[in-house]
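> coords below, sequence missing:
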DNA sequence: TAGTGGTCTAGACCACGGG
DNA sequence: CCGTGGTCTAGACCACTAT
């Protein structure tokens, strides 16, 4: 009568494992430290390796761990705050703070992008690749789609592709008056090319930030930015470096 | 010499499977349709069930599929746009559009929350639970932490807990002048209680939106909102219903 | 070459939902 | 009750990294 449902709802092993590991990370490990390998850990906890991996995967998803093939599993630093929403109403490349042009060419965008840009399904648009670094690590890869109509004065003075071309397209964009923009954030998994640039495996969880730039009543450009979900916390306010989650209760001893 | 690296970089089976399934979803299935069960699908593709599941998991992560134990796997509708950033500079519960108060009590918040609120580590704060629906489905669960100092005029006129109490706390909040707010979005996994409220399993991927509300030079309230990552696209602009990703190239036939 | 994490298999049993 | 997805096992081999 007083047993309070003991074990009547047994939680999965990997869930319990995750809790135990999480507490161990807080108390017994420091950032950057290497954990024992998966086979040893599994043996130590008396579970199959697949079960242990399920726990590790969740902890990696939450940004607590970092795993690299051929290297090992390390304790991840706290997620880095990445400002996304501060500079409202500015064109990409304006006060070119965070993004670095990588490449540019003309290509037929995915159908969904063509719809948003109101271009024809087979119409070429300028496709600018940019990348974003933070603390020396790549945190995001971006594809910026710019219809030819948005940069009418763009001439062939530069190479038809390459970083110089990318800068030229961005420069031309500034000539338009930006009427507004809106953003959406959703979960995705990294495509092969993005994964390579982000130094992750294909399929890794990413936060996809889609931004539409409006000018002259049209969508003048569309940016699809892919952020590493394991290491990034996207910030939209003005204080980018406030830590909220997973404070390991560090006593001010 | 002309073989173009054929199969020299064999992609994982689950990755290829995911591609095949994804194309099949676009062409041969419609929203809500039930897929064959995992054992049949695995047999049909000649792989182990675990491998098939790896592909299904990714597709679910991307919002293409919905899986429910005891029921089956169905084709998910496109992600619903959920407005998060429209009402800037308003207190929660103001034009109570989307959120519905569920419960309220006083509790000691997690250490990280206490730090942000600048309350003592053992200090009680009002903890309001709210939930958010969209299209008849729960899409988010929120915990709103309000220090006693932010609602000084709150009296015991209402019950010490319950929805009525929640509304009272929200009502008192409106009396403060809101100086500003900032937001952060990151990936997380659902805690047991949130998972229950969101009708998902514990550990499901969620988008965690943390909002700080500033008043009188302090953080007057802190909201931690947990959105279903599989079904939600968080929108920050003014046009919440633009679809960008995964348009199955629907011909306007 | 040795050791790591990543992929894959072929089973088994469990928890849940609906008839 | 049965069928579903969820968990778990004990192996095997592969891809990658550092030495």
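Here it is on my side, so go on. From a predicted model like this one, the values you see are computed outputs, not experimental measurements.
> ok but residue A:188 is inside a strand, no?
Yes. Counting by DSSP: H, G, I helix; E, B strand; the rest coil, residue A:188 falls inside a strand.
> please look at it and residue A:204 and confirm they touch.
No. Counting by CB atoms under 8 Å, residue A:188 stays clear of residue A:204, with 9.8 Å between them. The way it works is simple: take the backbone N, C-alpha and C, and place the C-beta from them, glycine included.
> neighbour count winner among these two?
Each of residue A:188 and residue A:204 has its neighbours counted (other CB atoms under 10 Å in any protein chain shown); residue A:188 has more, 22 against 19.
> let me see the confidence value for the more buried one.
With respect to pLDDT, residue A:188 scores 96.
> chain neighbours aside, what residue packs nearest to it?
residue A:208 (4.3 Å; CB to CB, 6 or more residues apart in numbering or on different chains).
> and that neighbour, how many neighbours?
Using other CB under 10 Å, residue A:208 has 22 other residues around it.
> quickly list what the residue most central in space within chain A is bridged to.
The residue lying closest to the centre of chain A (CA atoms, centre = their mean) is residue A:227, at 1.1 Å. Following DSSP bridges, residue A:227 is listed with bridge partners residue A:140, residue A:207.
> shouldn't it be in contact with residue A:205?
No. With contact defined as CB under 8 Å, residue A:227 does not reach residue A:205; the gap is 10.0 Å.
> and the residue nearest to the centre of chain A, what does it touch?
Contacts for residue A:227 (CB atoms under 8 Å, 6 or more residues apart in numbering or on different chains) come out as A:82, A:139-140, A:206-209, A:234.
> return the member of the residues you listed nearest to residue A:120.
residue A:208 (24.6 Å; CB to CB).
> flag every residue of the stretch 51-200 of chain A that's near DNA strand C.
For the stretch 51-200 of chain A, the residues in contact with DNA strand C (CB under 7 Å from any atom of the strand) are A:53, A:67-73.
> among these, which one sits closest to residue B:60?
Comparing these against residue B:60 with CB to CB places residue A:53 closest, at 18.4 Å.
> where does the stretch 151-253 of chain A dip in pLDDT?
The model of the stretch 151-253 of chain A has pLDDT under 70 over residues A:156-158, A:237-253.
> rounded mean pLDDT for stretch A:118-135, please.
Stretch A:118-135 comes out with an average pLDDT of 92.
> so how far is the first residue of it from its last?
End-to-end span of stretch A:118-135 (CA to CA, to the nearest Å): 38 Å.
> contacts for that stretch next, please.
For stretch A:118-135, the surrounding residues in contact (CB under 8 Å, 6+ apart) are A:80, A:82, A:92, A:98-109, A:111, A:113-114, A:117, A:138-148, A:151, A:154, A:166, A:169-170, A:197, A:218-219, A:225, A:232.
> out of the residues you listed, which end up buried?
Neighbour-count burial (16 or more other CB atoms under 10 Å in any protein chain shown) applied to the contacts of stretch A:118-135 gives A:80, A:82, A:92, A:98-99, A:101, A:104, A:109, A:113-114, A:117, A:138-147, A:151, A:154, A:166, A:169-170, A:197, A:218-219, A:225, A:232.
> can you pull out the strands in the stretch 151-253 of chain A?
For the stretch 151-253 of chain A, the strands defined by DSSP state E, counting those that start in this stretch occupy A:180-189, A:205-215, A:218-228, A:232-235.
> how about JSON lines for those, with distance to residue A:13 added?
Output for the strands of the stretch 151-253 of chain A, formatted as JSON lines (distance: least, CB to CB, whole Å):
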{"stretch": "strand A:180-189", "distance to residue A:13": "26"}
{"stretch": "strand A:205-215", "distance to residue A:13": "23"}
{"stretch": "strand A:218-228", "distance to residue A:13": "29"}
{"stretch": "strand A:232-235", "distance to residue A:13": "30"}
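> all set now, cheers.
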